[in-house]
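Colleague: Attaching a predicted model along with its sequence, questions to come.
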Amino acid sequence: MGTTHEHIVKRYDEELTRLTEEIVRMGEMAASQLTGAMDVLDRRDSRAAERIVGNDIEIDRLEGEVSHDVVRLLALRQPMARDLREILAALRIASDIERIGDYASNAAKRSIALNEFPVVAQSRGLSAIAGLAAQMLRDVLAAYRTRDAQAALAVRARDAELDAQYTSLFRELLTYMAEDPRSISPSIHLMFIAKNIERIGDHATNIAEEVVYLHEGEDIRHDPKIKGGAV
């Protein structure tokens, strides 16, 4: 009986590890989507942008696999306490990553529309915001893999910097539009792309909060006081 129980526990742990790696792989794909979207925007390459938009299907497929694996884990073992947190967090993180993929795809779509207009100098400001968002995502995936709550809180704290950069670019674009009405259409596309990136930062923050939830069993989603200090 003991051997059977140990076998079930071992199998469950292996399934949980596989689920984590599946989610990390999904997140890495989303980060690559964002980086690629910014690359095709800089190169004004509409054909490559269309490929990035098409790649979003793979992220959606992986989210479906994660949901399927969660059902299998629930059937394998009726989880309690920490185990249940692992499974709930996996579902929510996969959902956040799927949304990140959507936003990266939307940015690539906007870059195609942007290519119909002359280059807007302010588009270079997107690179800094996108770079920060992509790094936040990669760092929080590493924190999730190692269940590092402190690293997750550090990612959460950086969302304020991303928001400040987004607000600065938004105001710059408004000024540019007021000075040159011909820039209104391309500037609006840039604003939408910037907003997509800002939302990616929000979802990376959500994932960071899930990692803290995993580690501590504490929901900090609505607690602005916790910004990278001790858990």
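Modeller: On my side now, so go ahead. Numbering: from 1, shown residues only.

Colleague: Only C-alpha atoms from now on, for both contacts and neighbour counts.
Modeller: Noted.

Colleague: Can you report how many residues neighbour Thr146?
Modeller: With neighbours defined by other CA atoms under 10 Å, the count for Thr146 comes to 12.

Colleague: Also the one 3 residues further on?
Modeller: Ala149 sits with 24 neighbouring residues when counted by other CA under 10 Å.

Colleague: And for it, nearest residue in space, chain neighbours not counted?
Modeller: The shortest distance from Ala149 to any non-neighbouring residue, by CA to CA, 6 or more residues apart in numbering, is to Val212 (4.9 Å).

Colleague: wait, isn't that neighbour in contact with Val155?
Modeller: No - here Val212 does not reach Val155: they are 11.2 Å apart, not a contact under CA atoms under 8 Å.

Colleague: who's more crowded, the two?
Modeller: Val155 (27 against 24).

Colleague: what comes up buried for the helix or strand hosting Ala160?
Modeller: Following DSSP states H and E, one finds Ala160 within helix 149-179. Applying a neighbour-count criterion of 16 or more other CA atoms under 10 Å, the buried positions in helix 149-179 are 149-159, 162-163, 165-166, 169-170, 173, 176-177.

Colleague: Now do that helix, average pLDDT.
Modeller: For helix 149-179, the mean per-residue pLDDT is 96.

Colleague: what helices or strands is whichever helix or strand comes after that helix leaning on?
Modeller: Per DSSP H and E, helix 149-179 leads on to helix 184-216 as the next helix or strand towards the C-terminus. Here helix 184-216 touches helix 81-114, helix 125-146, helix 149-179, going by 3 or more CA pairs under 8 Å, 6 or more residues apart in numbering; DSSP states H and E.

Colleague: Check which residues of the first one are buried.
Modeller: Using 16+ other CA under 10 Å as the burial criterion, the residues of helix 81-114 that qualify are 83, 85-87, 89-91, 93-112, 114.

Colleague: what sits against the residue nearest to Asp163 when sequence neighbours are not counted?
Modeller: Leaving out its chain neighbours, the residue that sits closest to Asp163 by CA to CA, 6+ apart is Glu198, at 6.5 Å. Contacts for Glu198 (CA atoms under 8 Å, 6 or more residues apart in numbering) come out as 129, 133, 162-163, 166.
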